[in-house]
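1. Give me a 3D structure for the following:
(4 chains)
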2 protein chains.
Amino acid sequence: MLFDVLAEPTRRRILDLLLERPHPVGELTARLGLTQPGTSKHLRVLREAGLVQVRIDAQRRWYELCPAPLAEIDTWLTPYRRLWAGSLDRLEAHLDTMEDDR
Amino acid sequence: MLFDVLAEPTRRRILDLLLERPHPVGELTARLGLTQPGTSKHLRVLREAGLVQVRIDAQRRWYELCPAPLAEIDTWLTPYRRLWAGSLDRLEAHLDTMEDDR
DNA sequence: CTCGAATATACCTCGATAGGAATATACCGG
DNA sequence: CCGGTATATTCCTATCGAGGTATATTCGAG
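-> The predicted model follows:
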């Protein structure tokens, strides 16, 4: 389940790094302070969840973000969103941000 | 971390049940098909995460939803939301729903 | 074809946690 | 005060997953 994938702090850090730009495994390993196999294993989980995609370039693997599955989380939040205080304001702020981007 | 709390399927089911209306522990136990201690344990985790609140009525404990902490998830999603395909439409659909409620 | 670089996989260990059974606690009715 | 009901806590066990080390794989350079 997607929530399990995101429950891991290191994996969220990886997503955050990929938010910036695609990274090869070595760079992720360095920035995370993990061992290389550790990084690869998290990347595998993220890949299987459809949250990242690989672009092969010789021996280098460029990992890039695939945010689409996160929509599932957003959907799950929907019935709760209308309940929490100030939700309307926050949601409108979101939409305003998006409108600006057009 | 909040994601860990939500990673547990049973806990998400509890939240779903509480979305409907507050429940005493016994009812939750019955509807979940768990043992009573099992239910109590999950409720404790949810309580410590601030996701539920208890209203004591004699020996009965009515658990009710506190959706506020879920805003944290929503905040985390924000930078990703603008990336996934169709996000604008979905977000607008959300907002339309909310507008209808006013 | 060989060497080295970049990444993936296999295997092991350890800590966290869900689940159950037994027990403790709190509170009402009588 | 006593018995029973509703819930919480404790203890135990089995499972899962993160992290590490060692090893396999793949590919380019020369």
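2. residues in contact with the most centrally placed residue in chain A?
-> Centroid check for chain A by C-alpha atoms, centre = their mean gives A:Leu15 as the closest residue, at 3.7 Å. Applying C-beta atoms under 8 Å, 6 or more residues apart in numbering or on different chains to A:Leu15 gives the contacts A:46, A:51-52, A:65, B:80. All C-beta atoms are positioned from the backbone trio N, CA, C, and that covers glycine.
3. can you tell me which of these are up against DNA strand C?
-> Counting by C-beta under 7 Å from any atom of the strand, nothing from those sits close to DNA strand C.
4. So which of those sit within strands?
-> Of the contacts of A:Leu15, the ones assigned to strands by DSSP state E are A:52, A:65.
5. Kindly indicate which of the contacts of A:Leu15 lies nearest B:Arg60.
-> B:Tyr80 (41.5 Å; C-beta to C-beta).
6. The closest one and A:Pro67 touch, don't they?
-> Yes. Using C-beta atoms under 8 Å, B:Tyr80 is in contact with A:Pro67, at 4.4 Å.
7. quick one on the thing from earlier: between the contacts of A:Leu15, which sits nearest DNA strand D?
-> A:Leu46 (10.7 Å; C-beta to the nearest atom of the strand).
8. how deep is the closest one tucked in, by neighbour count?
-> 23 (other C-beta atoms under 10 Å in any protein chain shown).
9. got a list of what it touches?
-> So A:Leu46 contacts A:5, A:11, A:14-15, A:52, A:63 (C-beta under 8 Å, 6+ apart).
10. Secondary structure element holding the residue nearest to the centre of chain A?
-> helix A:9-20 (DSSP states H and E).
11. Which residues does the helix or strand just after that helix contact?
-> Downstream of helix A:9-20, the first helix or strand assigned by DSSP H and E is strand A:23-24. If you take C-beta under 8 Å, 6+ apart as the criterion, strand A:23-24 is touched by A:17, A:31, A:60-63.
12. which one of those has the most neighbours?
-> Most surrounded of these: other C-beta under 10 Å gives A:Tyr63, at 23 neighbours.
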